[in-house]
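**Q** Need a 3D model of the sequence below.
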Amino acid sequence: MTDNIKVAFYGCGNFAQKTRIPNVLKTGAQIVGLSDTNVESLKTAKDQCPSAKIYEDAHQMLKDEKIDVLYSIVPAFVRTDIEITAAQKGIHIFSEKPQVMEMALGKKIETAILDSDVLSTVGVRERYRPLFQEAREWLKGKKIVHARFQSISGLPPFEPASWWDEIDKSGGSALDWGIHATDYMRYLTTMNIKTAQAFYHHPPEYTLPLSSSIHYCFSSGATASLLFVKTAGEVGSQGMPAGEPWFKFFCEEGVLSIHGYESLLVDGDLLYEAKPFDPWEEQDRVFIEAVRNRDTQGLLSDYSDGLHSLGPVLAAWHSAKRGGEAIDVESFIEQ
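**A** Predicted coordinates:
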């Protein structure tokens, strides 16, 4: 057992400051290094952990500091070889999703992690939420026919306000939340995705697509659809019209509906009502404890598994660019 876990952050923006940094500090781990190219972000993050050293160059941080865990929180489009270098130095890896924007880099990082025998996980925090665990339990043994996810949000801007509004950097909602939706479908059904296809409607005057329709075929032959729509109409809370579920799982035995983070219904009847829960805090606690005890039993994902949630979404993006061509997901991941 290693009691004094030393953590470094690669990426110290708003998300890290509000979630991952406070959560790691709660575990009793020591944050020894902070790296970001944004000096203001570094200053704000250092206020949270005054003893940490700050770096604009993450490679220099890895060289100078004795680190047990690296939290990689930078946007996927700027990731290069930092996680590879960290893994080769024996540093355990927390990779916020999306892990990468190109599968080739993801496979290189995966190889470094596996060859170095370090622990890893990916920021698919909702696996830890009791509501999704209850849904997984109900679906166990069921004959799944089709899974559906929908997200409806406001119109995108005409001019980008940040990198998020640039489709080639962020991938838009279909990538950001598409990874979550895809991962939870995989986790709840315990099935991988065999084929991906997608169609995007992206009028040139908008920064991001107004609709993204993704279609999957699971390894069992069951199908799935993910729909992302942007509209000026009423979207309700949590990205869906009032009363409509995020997820629906159609099974031969009945229909499971997941309503936000609040409840599960089976054929319209209440199955489970959730209590307040922080999946970010739980995931960070479990990962630090896994490193501390060198025990992966509580981890619900690792870097390799994360690529099998990212791969279908990136394959769907490529499909949309090719007019809806069906793409074999396993071949796409292993390219």
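
**Q** make it CA atoms for all contacts and neighbour counts henceforth
**A** Noted.

**Q** pretty sure N23 is touching Q283, no?
**A** No. Using C-alpha atoms under 8 Å, N23 is not in contact with Q283, being 9.1 Å away.

**Q** More neighbours: which of the two?
**A** Q283 (26 against 19; other C-alpha atoms under 10 Å).

**Q** What backbone torsions are found at L226?
**A** Per-residue torsions, L226: phi -120, psi 130 (degrees, to the nearest 10).

**Q** repeat for F158
**A** Listed backbone geometry of F158 is phi -80, psi -30, with angles given as degrees, to the nearest 10.

**Q** How about it: what's its closest non-neighbour residue?
**A** Leaving aside its sequence neighbours, F158 sits nearest to Y206 (C-alpha to C-alpha, 6 or more residues apart in numbering; 4.7 Å).

**Q** How about the contacts made by that neighbour?
**A** P156, P157, F158, E159 (C-alpha atoms under 8 Å, 6 or more residues apart in numbering).

**Q** Tell me the pLDDT of the first one.
**A** Reading off the confidence values, P156 has pLDDT 91.

**Q** Please report how far it lies from A76.
**A** Note on P156: its distance to A76, by C-alpha to C-alpha, to the nearest Å, is 21 Å.

**Q** and the residue nearest to F158, what pLDDT?
**A** 96.

**Q** Equivalent analysis for E244, please.
**A** 87.

**Q** isn't it right up against H259?
**A** Yes. The pair E244 / H259 is scored as a contact, 6.9 Å apart, by C-alpha under 8 Å.

**Q** tell me the secondary structure for the residue nearest to the spatial centre of the chain?
**A** For the chain, K97 is the residue whose C-alpha lies nearest the centre (C-alpha atoms, centre = their mean; 3.7 Å). For K97, the assignment made with DSSP: H, G, I helix; E, B strand; the rest coil gives coil.

**Q** I'd like the distance between it and L175.
**A** Distance of K97 to L175, given as C-alpha to C-alpha: 10 Å.

**Q** Now do the helix or strand that contains E281: everything it contacts.
**A** Under the criterion of DSSP states H and E, E281 resides in helix 279-293. The contact list for helix 279-293 (C-alpha under 8 Å, 6+ apart) reads 1-3, 5, 19-20, 23-24, 27, 29, 69, 92, 119, 121, 125-129, 295-299.

**Q** Identify each buried residue in that helix, please.
**A** Residues of helix 279-293 classed as buried by neighbour count (16 or more other C-alpha atoms under 10 Å): 279-281, 283-292.

**Q** What of stretch 193-209?
**A** Buried residues in stretch 193-209 (16+ other C-alpha under 10 Å): I193, K194, T195, A196, Q197, A198, F199, Y200, T207, L208, P209.

**Q** Find the residue closest to the fourth one in space, skipping its chain neighbours.
**A** Looking back up the chat, that one is A196. Per C-alpha to C-alpha, 6+ apart, closest to A196 is Y216, 4.7 Å.

**Q** Over to the last one?
**A** Nearest residue to P209, sequence neighbours excluded (C-alpha to C-alpha, 6+ apart): H202, at 4.0 Å.

**Q** Below-threshold pLDDT in this protein: ranges please.
**A** Residue ranges of the chain with pLDDT under 70: 1-2, 234-242.

**Q** Run through the helices of it in chain order.
**A** Chain-ordered helices for the chain, with DSSP state H as the definition, fall at 14-15, 21-26, 39-48, 58-64, 82-88, 103-116, 130-139, 167-170, 172-189, 279-293, 303-321, 329-334.
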